[in-house]
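>>> sequence first, then the predicted structure, then my questions.
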Amino acid sequence: MFEQLVGKLPVGIGIVDEQFNVVYLNDFFLDRLPHDLRDCYKDTPVTDLFQGQAKFLKRRLKSVFVLQHPSFSYWEQRPHIFPFKSSRPITGEETQMYQNMEILPIKDKSSGQKLACIFLQDVTAQASYFRAQQKLSEALKKEHEAQRKLIRKLDTAQSQLIQAEKMASTGQLAAGIAHEINNPVGFVNANLNTLGQYASHLISICDGVYAQLEQFNDELKEQIDALFQSNHYDLLKEDITELIEESTDGLTRVKDIVENLKNFSLKNTEGVRTVDVCTICNQLITLISAQYSAPHYKFECEHEKVEVMGNPGPLKQALMNVMINAAQAIETKGFVKLSVIEKGDSVVIKILDSGCGIPVKHRKRLFEPFFTTKPEGQGQGLGLSVAYTAIEQHQGKISISSKENKGTVVEITIPKQLSCLENESIDSELDSPLTP
């Protein structure tokens, strides 16, 4: 009865030996194995049954057997350890299963054999609830911030509201944030490099001592060997380099994001000058992809450098507003493609997304200030209005074509050179936005 109960529990229970061979799997695991493996899984290495997770499982199991301590892995750290699906009880919809895993050291009382019990829990519902609460909290924060700004700017003109929208963007905060983050990242990175060198030297010293073990007398040889075994030298040697490399890779990613935040700082005081559109687009994709991870982003340009005359701040703001709209139009899977094309004396920037598209009834109002289809508190309806104004003041054009449930294409055309009149007055005009 106990074995039947364990077999039917709505959690995964598996037992493996020190060679990682499977001793037992309950129905939770068996029902998710391929049919040809369900009757012959015993004595098969768990790393063969789940090859995609072999390296991770081997590290965790080895740690449990050597240290005789439980090992935990929560869904926030590694969401999908095993390639299982989780179905919703009402809709029947299947999604990738979020899992908590605990590996416990156990021992067979009759034989004294060391075993490890893999305990797997489906926490998809809890993870979904947690993520929904996170989104709700973020939406409430954005709503509160928007309300605070609107109340403060209620008695001002439209130009002041647009300025408030810009000041709320990530680019306006980038320089200060980047400076604050760069300091700790710098010394942590330096410490990691030094730690990596120290670890390498220590491993070399230990390997050198172990290589000369035969030259010592038996008593000293036994003491050194026992010291290596008691401190699990093989496990430490295998783990320490990989841990340092993973930490260094994480810091590199942080540095890249911070650098792009600095480069994409939205400053309108630079005046009219030569602007490299390709550099702006590359920075933009890095910045947006860090904030909106669902779509796949692609950038295409025939040339390494495409230059126009203009004010970098408003141009960056216009492109960022359009890119954010494209990213937000995609809920789970899809792509955003950014293309730069030279056409004679003009540059064409196309932003294509495979999102939900724009209903026909809304297309004539897209550039109206304060028009938005987003839920209350999640936008002021100024994004495309700001983009339209900035592009128009650069003597350019912006057009949008869209199909519901297919996607949207935004095409921006900017002349490479501004007329003399516009070149002289564009900086002052940017402080007095036009209404599309």
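Here it is on my side, so go on.

>>> secondary structure element for T372, which one?
If you go by DSSP states H and E, T372 is not part of any helix or strand.

>>> how many other residues sit next to it?
Using other Cβ atoms under 10 Å, T372 has 17 other residues around it. Where C-beta positions appear, they are placed from N, C-alpha and C, glycine not excepted.

>>> and it, backbone torsions?
T372 adopts backbone torsions of phi -150, psi 150, taken as degrees, to the nearest 10.

>>> state the distance from S354 to I203.
49 Å (Cβ to Cβ, to the nearest Å).

>>> the more surrounded of the two?
S354 (19 against 15).

>>> ok, so what distance separates S401 from D122?
Taking Cβ to Cβ, one finds S401 at 44 Å from D122.

>>> the two: who's more crowded?
For S401 versus D122, neighbours defined as other Cβ under 10 Å are more numerous around D122 (20 against 13).

>>> which strand residues bridge that one?
With DSSP bridges as the criterion, D122 is bridged to Q99.

>>> ok, now which ones touch it?
With contacts defined as Cβ atoms under 8 Å, 6 or more residues apart in numbering, D122 is in contact with P10, V11, G12, F84, S86, M97, Y98, Q99.

>>> show the buried residues in those residues.
With neighbours counted using 16 or more other Cβ atoms under 10 Å, those contain these buried positions: G12, F84, S86, M97, Y98, Q99.

>>> D256: which of those residues is nearest?
Closest to D256 out of these is Y98 (27.7 Å), distances taken as Cβ to Cβ.

>>> identify the residue spatially nearest to that closest one, adjacent ones excluded.
A127 (3.8 Å; Cβ to Cβ, 6 or more residues apart in numbering).

>>> determine the three-state secondary structure at the one you found.
Under the three-state scheme (DSSP: H, G, I helix; E, B strand; the rest coil), A127 adopts helix.

>>> count of residues packed around it?
Neighbour tally, A127, other Cβ under 10 Å: 20.

>>> what of F119?
What F119 shows, counting by other Cβ under 10 Å, is a neighbour count of 16.

>>> element containing V22?
strand 22-25.

>>> just after that strand, pick out the following helix or strand.
helix 27-30.

>>> show me what that following helix is packed up against.
strand 12-17 (3 or more Cβ pairs under 8 Å, 6 or more residues apart in numbering; DSSP states H and E).

>>> in its sheet, which strands sit next to the strand it packs on, and in what direction?
Looking at strand 12-17 with DSSP bridges, its partner strands are strand 22-25 (antiparallel), strand 114-122 (antiparallel).

>>> picking up where we left off before, list the contacts for the residue nearest to Y98?
W75, P79, Y98.

>>> and if you look at G310?
Counted by Cβ under 8 Å, 6+ apart, G310 has contacts V272, R273, V275, H394, I414, L418, I426.

>>> I414 contacts E342, doesn't it?
No: using Cβ atoms under 8 Å, I414 makes no contact with E342, being 10.9 Å away.

>>> which one's more surrounded, these two?
It is I414, of I414 and E342, that has more neighbours when counted by other Cβ under 10 Å, with 23 against 15.

>>> quick check, the more buried one in a helix?
No: under three-state DSSP, I414 sits outside any helix and is assigned strand.

>>> dump the contacts of G310 to JSON lines, plus secondary structure and pLDDT.
JSON lines is the format used below for those (DSSP: H, G, I helix; E, B strand; the rest coil; pLDDT from 0 to 100):
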{"residue": "V272", "secondary structure": "coil", "pLDDT": "82"}
{"residue": "R273", "secondary structure": "strand", "pLDDT": "86"}
{"residue": "V275", "secondary structure": "strand", "pLDDT": "89"}
{"residue": "H394", "secondary structure": "coil", "pLDDT": "87"}
{"residue": "I414", "secondary structure": "strand", "pLDDT": "93"}
{"residue": "L418", "secondary structure": "coil", "pLDDT": "81"}
{"residue": "I426", "secondary structure": "helix", "pLDDT": "45"}
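
>>> buried among those? Need that as a selection in ChimeraX.
Buried residues among the contacts of G310 (16+ other Cβ under 10 Å), as a ChimeraX selection:
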select :272,275,394,414,418,426
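
>>> from the contacts of G310, which two are the most distant?
Between any two of those, the greatest separation by Cβ to Cβ is 14.2 Å, found for R273 and I414.

>>> mutual contacts of I414 and E342, please.
Between them, I414 and E342 share no contacting residue, judged by Cβ under 8 Å, 6+ apart.

>>> what's in contact with the strand holding V22?
Contacts to strand 22-25, defined as Cβ under 8 Å, 6+ apart, come from residues 13-17, 33, 41-46, 49, 115.

>>> hmm, back to that, dump the contacts of A127 to JSON lines, plus pLDDT and distance to T194.
Below are the contacts of A127 laid out as JSON lines (pLDDT from 0 to 100; distance: Cβ to Cβ, whole Å):
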{"residue": "W75", "pLDDT": "85", "distance to T194": "34"}
{"residue": "P79", "pLDDT": "85", "distance to T194": "33"}
{"residue": "Y98", "pLDDT": "90", "distance to T194": "37"}
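
>>> ok, these vs G196, which is closest?
Among the contacts of A127, and counting by Cβ to Cβ, the member closest to G196 is P79, at 28.5 Å.

>>> not counting sequence-adjacent ones, nearest residue to A199?
I240 (5.2 Å).

>>> next one: that neighbour from F335, what distance?
With Cβ to Cβ as the criterion, I240 and F335 are 39 Å apart.

>>> what does L49 give?
34 Å.

>>> out of these two, which sits in the busier spot?
More crowded of L49 and F335, by other Cβ under 10 Å: L49, with 20 against 15.

>>> need phi/psi at that one.
According to degrees, to the nearest 10, L49 has phi -70, psi -40.

>>> next, the contact list for it, please.
Taking Cβ under 8 Å, 6+ apart as the criterion, L49 is in contact with V22, L33, L37, Y41.

>>> out of those residues, which is nearest to L319?
L33 (49.0 Å).

>>> list the contacts of that closest one.
Counting by Cβ under 8 Å, 6+ apart, the residues that L33 touches are L25, Y41, L49.

>>> can you check V348 too?
By Cβ under 8 Å, 6+ apart, the neighbours of V348 are S339, V340, I341, E342, E411, I412, T413.

>>> can you get me a residue count around V322?
By other Cβ under 10 Å, neighbour count at V322 equals 24.

>>> am I right that it is in contact with A387?
Yes: contact criterion Cβ under 8 Å: V322 and A387 qualify, at 5.6 Å.

>>> so the residue nearest to A199 sits in a helix?
Yes: membership of I240 in a helix is supported by three-state DSSP.

>>> residues near it, how many?
I240: 16 neighbours (other Cβ under 10 Å).
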